[in-house]
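Visitor: Below: sequence and its predicted model.
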Amino acid sequence: MKFLHLTFMLFCIQFCLGQNVDSLVTEQKLTEQSDRLLKIKEQQTQDSLRRVQLENRLFADDLEDTKEKQALLTELYFLKNRDSLAFAERKRKVDSMRVLNPGIPVKPFKDTLFTIYRGIGGFSIRERANAVQSRVKNLADLHSFHADSIRVLENEDTWYITGGNEMIMSVSEEDALWMNAAPAALADLFATKIRGSIEQYRDDTSIPKLMKGIGLAALVLFIVSLIVYGINKLAGYTRRLVLRNKGNKLTGIRISGYELVSATKQVRFVWALFNLIKWAFILMVIYLALPIVFNLFPATEGFANVLLSYILDPIKKISLAIINYFPNLITVVVIVIIFRYIFKILKYFANELHRGALNIPGFYADWTLPTYQILRVLLTAFMLIVIFPYLPGSKSPIFQGVSVFIGILFTFGSAGALGNVVAGLVITYMRPFSIGDRVKIGDVQGDIIEKTLLVTRLRTIKNEIISVPNSQVMNSHTINYSTDAPLNGLIVHTTLTIGYDIPWQTVHKLAIEAALNVEYIEADPTPFVLQTSLDDYYVSYQINGYTKQPNKQAIIYSELHKNLLDEFHGAGIEIMSPHYRVVRSNEDTAMPPADER
């Protein structure tokens, strides 16, 4: 925070210094140009005096020498030419100074009378303009002063504008040069404007006009009150009309039998909408009436333009912005139409591939919709990139800053989600499972019911819905029981332990018969038995059977276990793992009799 505070202070200091430096440079240039004009003026004054002397000598009675006459005429011609050149030089200097010197307006009342471009003596331009304004205001407020007493007096090369016994301002040749006018005509123009502004000010502030303004203001307020009263009456009538139509026309909003909005809520919404419209009209009438009232009084007349500008300026800016944006809008519409037809073409080929009407070698049908979605997202992003420069305000620093902020926020806030999206895309093209497959992902086993870019959903045999993030699917091993089952069959198996006293041929026969009696176990290929281990007290047998219904494993295992119990119990064989403690002699054996082997 301290660093930002110091940076802001340095920026302000630099800005102020820059403003001061620019002001000083401008003032220095104006001073140099003014000095140059003063020197030219002094030279013209000296030339004027010399011309008077030469003219007096030329018309003297004692002048008879022709050569002297010729010399006087030559010098007079030279001085006249130099005076013309000096005047042109002064005019050129003044024109070049207009860029640096916009002048100070003299505005004693609400309107600008004229602009002053130069100071006099020790007065700067602003001080001179303020002095003229102050004198005009004082004369206007003086009841004994008559505007007709304003006169223009000439004294050598300066013209004075006076009012009564007071001097209002002076006009010189330099002022006339800045205004591109003759000094006398300029002085008369200034005097006429001062006289007219004083008369107008006194007329505007007269008692009859103020009384007239008060009366008109009262009339405007009365009309506004009537309009507001009428709006309130109309709002009340509308409210009663809405209540009468409740249950008739206002019956709520239903979608496929579902009540999205009840009739009561619909009525409340209509009331709120009418109240909003009512207050919008009332505020608009009051807002538009205020400028009319302000215009009735000279002291507040400027407020009317300000209030109207608050409404008219935004409307004008918005209208101009819409008109200027129209070519870009056409470009955006054309781009959107082109991409819309591209999307339609992609969707057509995606549907053809998905239903198998169109085949591409090495491209599986279940890749179609994900590929279409990826291409649509990429094309949409590309379309937005193309459209972005044509959006209004796209080049503004605020718009760009917000775009960068949203991008950073999205990047850091959705890192995990993006990881799942990438994993979902990889899983889609790896094709480890399809919808309906019985799989085991990590410790979760069930049927695939949904695949999205973020998660994979399974339904377990207990009818539980489990959502597994795709990133976890990628990081875990996946067992698919269904992929090869329709062709080669899935082998279901279970282990049972039988003592050494039961011949293995009997165990094999009974176990195979038990497997064949299971509904979903195939007879071809035939079930088979594996003896997986010879343990200390029993033999481990594993019965294996083929099934093409991997989603019914729970039922298959349950039926297989029941049939094993029935077959072995029917044969008088206990399915158990007996442990014995006996004292045996060398003649005792734990093998079945020879005729049973």
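Guide: Thanks, I have the structure now.

Visitor: isn't Gln549 right up against Tyr520?
Guide: Yes - here Gln549 reaches Tyr520: they are 4.5 Å apart, a contact under CB atoms under 8 Å. In this view, the C-beta of every residue, glycine as well, is placed from N, C-alpha and C.

Visitor: joint contacts of the two?
Guide: Counting by CB atoms under 8 Å, 6 or more residues apart in numbering, the contacts common to Gln549 and Tyr520 are Ile556.

Visitor: Looking at the closest residue to Val152 other than its chain neighbours now. What's its pLDDT?
Guide: Spatial nearest neighbour of Val152, excluding adjacent residues (CB to CB, 6 or more residues apart in numbering): Ala187 at 4.7 Å. Listed pLDDT for Ala187 reads 86.

Visitor: is it true that Ala187 lies in a helix?
Guide: Yes - under DSSP: H, G, I helix; E, B strand; the rest coil, Ala187 sits within a helix.

Visitor: distance of it from Asp204?
Guide: To Asp204, Ala187 is 26 Å away according to CB to CB, to the nearest Å.

Visitor: Between those two, which is the more surrounded one?
Guide: Neighbours per residue, other CB atoms under 10 Å: of Ala187 and Asp204, the larger number sits with Ala187, 24 against 16.

Visitor: and that one, what does it touch?
Guide: Contacts of Ala187 (CB under 8 Å, 6+ apart): Val152, Trp159, Tyr160, Ile161, Val171.

Visitor: and if you look at Phe339?
Guide: Counting by CB under 8 Å, 6+ apart, Phe339 touches Leu379, Thr380, Met383.

Visitor: Now do whichever strand or helix holds the last one: distance to the chain's middle.
Guide: Spelled out, it's Met383. Per DSSP states H and E, Met383 falls inside helix 368-387. Offset of helix 368-387 from its chain centre (CA atoms, centre = their mean, to the nearest Å): 22 Å.

Visitor: Give me the mean pLDDT for that helix.
Guide: 83.

Visitor: Same question for stretch 284-303.
Guide: 76.

Visitor: which residues touch it?
Guide: With CB under 8 Å, 6+ apart, stretch 284-303 has contacts from 110, 201, 204-205, 210, 213-214, 216-217, 220-221, 223-224, 227-228, 231, 304-305, 307-308, 311.

Visitor: Weed out the non-buried ones from those residues.
Guide: Buried members of those, scored by 16 or more other CB atoms under 10 Å, are Tyr201, Asp204, Gly213, Ala217, Val220, Val224, Val228, Ile231, Ala304, Leu308.

Visitor: Helices - which of the residues you listed land there?
Guide: Tyr201, Asp204, Gly213, Ala217, Val220, Val224, Val228, Ile231, Ala304, Leu308 (DSSP state H).

Visitor: okay, those in TSV with distance to Tyr538 next?
Guide: Shown next, in TSV, are these (distance: CB to CB, whole Å):
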residue	distance to Tyr538
Tyr201	124
Asp204	122
Gly213	118
Ala217	114
Val220	111
Val224	106
Val228	101
Ile231	98
Ala304	109
Leu308	104
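
Visitor: From the residues you listed, which one has the minimum pLDDT?
Guide: Least confident of these in the model: Ala304, at 68.

Visitor: which helices and strands does the host helix or strand of Phe568 pack with?
Guide: Phe568 is part of helix 553-570 when elements are defined by DSSP H and E. Helix 553-570 makes packing contacts with strand 490-499, helix 504-516, strand 538-547 when contacts are defined by 3 or more CB pairs under 8 Å, 6 or more residues apart in numbering; DSSP states H and E.

Visitor: now these in a markdown table, with distance to Phe433 and mean neighbour count?
Guide: Output for those, formatted as a markdown table (distance: least, CB to CB, whole Å; neighbours: other CB atoms under 10 Å):
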| stretch | distance to Phe433 | mean neighbour count |
| --- | --- | --- |
| strand 490-499 | 14 | 18 |
| helix 504-516 | 27 | 19 |
| strand 538-547 | 18 | 20 |
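
Visitor: okay, those in JSON lines with distance to Lys137 and mean pLDDT next?
Guide: Below are those laid out as JSON lines (distance: least, CB to CB, whole Å; pLDDT from 0 to 100):
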{"stretch": "strand 490-499", "distance to Lys137": "106", "mean pLDDT": "92"}
{"stretch": "helix 504-516", "distance to Lys137": "118", "mean pLDDT": "93"}
{"stretch": "strand 538-547", "distance to Lys137": "109", "mean pLDDT": "94"}
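
Visitor: and the closest residue in space to Asn563 that isn't next to it in sequence, how far is that from Ser197?
Guide: With CB to CB, 6+ apart as the criterion, Asn563 has its nearest non-adjacent residue at 3.7 Å, and that residue is Ala514. Ala514 sits 121 Å away from Ser197, going by CB to CB.

Visitor: again, but for Leu516
Guide: Distance, Leu516 to Ser197, using CB to CB: 120 Å.

Visitor: cool, Val132 as well?
Guide: Separation of Val132 from Ser197 (CB to CB) stands at 11 Å.

Visitor: Identify the contacts common to these two.
Guide: Common neighbours of Val132 and Ser197 (CB under 8 Å, 6+ apart) are Pro108.

Visitor: Only whichever of the contacts of Phe339 are buried, select them in ChimeraX.
Guide: To isolate the buried members of the contacts of Phe339 in ChimeraX, using 16+ other CB under 10 Å:
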select :383
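
Visitor: could I get the contacts of Phe339 as a markdown table with distance to Ala263?
Guide: Formatted as a markdown table, the contacts of Phe339 follow (distance: CB to CB, whole Å):
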| residue | distance to Ala263 |
| --- | --- |
| Leu379 | 45 |
| Thr380 | 40 |
| Met383 | 43 |
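
Visitor: Can you pull out the low-pLDDT segments for the stretch 451-597 of the chain?
Guide: In the prediction, the stretch 451-597 of the chain carries residues with pLDDT under 70 at positions 577-597.

Visitor: got any ranges where the stretch 101-250 of the chain has weak pLDDT?
Guide: By pLDDT under 70, the weakly predicted segments of the stretch 101-250 of the chain are 121-122, 246-250.

Visitor: quick one: the strands in it?
Guide: Remark: strands assigned in the stretch 101-250 of the chain by DSSP state E, counting those that start in this stretch are 104-106, 114-116, 150-155, 158-163, 166-172.

Visitor: which element is Lys440 on?
Guide: Element membership of Lys440 [criterion: DSSP H and E] is strand 438-441.

Visitor: Adjacent strands (with direction) for that strand?
Guide: Applying DSSP bridges, strand 438-441 is found paired with strand 444-451 (antiparallel), strand 478-480 (antiparallel).

Visitor: Tell me which of these sits nearest to Tyr557.
Guide: The minimum distance between Tyr557 and those falls on strand 444-451, with 12.6 Å, by CB to CB.

Visitor: Quick check: next helix or strand after the closest one?
Guide: The first helix or strand that comes after strand 444-451 along the chain, using DSSP H and E, is strand 455-459.
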